[in-house]
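1. Sequence below, structure please.
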Amino acid sequence: MASVNKLNPGLWHISLPFQGEQEVIGAYVLSGKDEVALIDPGPETTLESLLALLQETEIVPEKVTHILLTHIHLDHAGGVGTLLHTMPNARVLVHSKGAPHLKDPAKLLTSAKRVYKDRMQELWGKVEAVPEENIQVIEGGDVLNIAGRRLEVHYSPGHASHHVVFYDVHTGELFAGDAAGVHLPGVDYVRPPTPPPDVDIEAWSATVDLLKRLHPDVLYLAHFGPIRNTIPYLERFRAQLFAWGDIVLGGLQEGKSEAEIVELLIARTQPELQRKGANAEIMKRYDLATNYEMTVQGYIRYWKKQHPERLSSK
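-> Numbers count the residues shown, from 1 in each chain. As a prediction, the model looks like this:
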């Protein structure tokens, strides 16, 4: 896949090279009616590539009018504050629960450091605050008329409490962020991204129901690219979400440590990825998109917070 892929008139998909790998993190570009919008522009470590790749779409950074965030996790939005130095007039649209953490990312960074530890700088680079005057708060139910499109905002918690998706009802295109999981090119496999701190399986299942009711023609995933057979795909994703959660719960009930549960999850799930034809390179890219340690940490927090009564095997 090319680094810049024109999907439709006025819509591009950009592959942001992450840790030396392509087709792991993607941003989307909308252009029309003298407006340009970026959806999930990525971390600061990929911004130089993003700006260079925008030139291939003949888009001048100063002309970007909107930055739409499905959520504020660092792989989606970590570079926004820095990006505004080259896009000073862009409005940053974010759910009300995420907006405070753009203005002051201290709590977000503290949470991320628990997961990524000494790899924070290597993975995400600098995380700058977003000026309040650039932030536009959005809620589920809002309708955005941007870049010649009518985008419905749908609140979609589960992966994160501040997650939204953007749905163009006229084209059937839905920009899903992480709400519909991780599915990378090269192998037909879907993986649940479950980072701490606010994974909620029940809420996520309700989000899957919402996405199914919308019945989009295509899901545009952040990790990575278009999914067109949307309803069967969403059911496969939900099945994985529950199945992986059950594996982690079983490990907790057996009194296993976090490290032991990571090994258990790898042993129980990686063979399916290999059976589907994944080589070492594809498995590396899946782990960059959502690694096993982070996945287990998210599920463990969910079970302890939401269902402590299930932690005993008795």
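2. Could you use CA atoms for every contact and neighbour count after this?
-> Will do.
3. State the number of residues packed around Val153.
-> The local packing of Val153 (other CA atoms under 10 Å) involves 21 other residues.
4. partner residues bridging it?
-> For Val153, the beta-bridge partners are Phe166 (DSSP bridges).
5. how close does it sit to Val94?
-> Relative to Val94, Val153 is positioned 10 Å away (CA to CA, to the nearest Å).
6. Name the residues contacting each of those two.
-> Both Val153 and Val94 are contacted by Ile138, under the criterion CA atoms under 8 Å, 6 or more residues apart in numbering.
7. What ranges in the stretch 151-300 of the chain fall below the confidence cut-off?
-> Counting by pLDDT under 70, the stretch 151-300 of the chain contains no low-confidence segment.
8. ranges for the helices of it?
-> For the stretch 151-300 of the chain, the helices defined by DSSP state H, counting those that start in this stretch occupy 201-214, 230-253, 258-275, 280-289, 292-306.
9. hey, which of these is tucked in deepest?
-> The highest mean neighbour count among those, using mean count of other CA atoms under 10 Å, belongs to helix 292-306: a mean of 21.
10. rewinding a little: got the helices of the stretch 151-300 of the chain as a markdown table, with distance to Leu68 columns?
-> Shown next, in a markdown table, are the helices of the stretch 151-300 of the chain (distance: least, CA to CA, whole Å):
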| stretch | distance to Leu68 |
| --- | --- |
| helix 201-214 | 19 |
| helix 230-253 | 22 |
| helix 258-275 | 32 |
| helix 280-289 | 20 |
| helix 292-306 | 25 |
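11. Out of those, flag the one nearest Pro61.
-> Nearest to Pro61 among those is helix 280-289; the distance by CA to CA comes to 26.4 Å.
12. What is that closest one packed up against?
-> In this structure, helix 280-289 makes packing contacts with strand 21-32, judged by 3 or more CA pairs under 8 Å, 6 or more residues apart in numbering; DSSP states H and E.
13. how big is the angle separating the next helix or strand after the strand it packs on from strand 21-32?
-> Following strand 21-32 in sequence order, the next helix or strand is strand 35-39 (DSSP states H and E). Angle of strand 35-39 versus strand 21-32, following axes from the mean of the first three to the mean of the last three CA atoms, to 10 degrees, is 150 degrees.
14. So what touches the next helix or strand along the chain from strand 35-39?
-> Of the helices and strands lying after strand 35-39 in sequence (DSSP H and E), the nearest is helix 47-56. Identification of contacts with helix 47-56 by CA under 8 Å, 6+ apart yields 3-4, 14, 16-17, 41, 60-61, 79, 83.
15. Give me the buried stretch members for the helix or strand where Met120 lies, please.
-> If you go by DSSP H and E, Met120 is part of helix 120-124. Burial within helix 120-124, assessed by neighbour count using 16 or more other CA atoms under 10 Å, is assigned to 120, 123-124.
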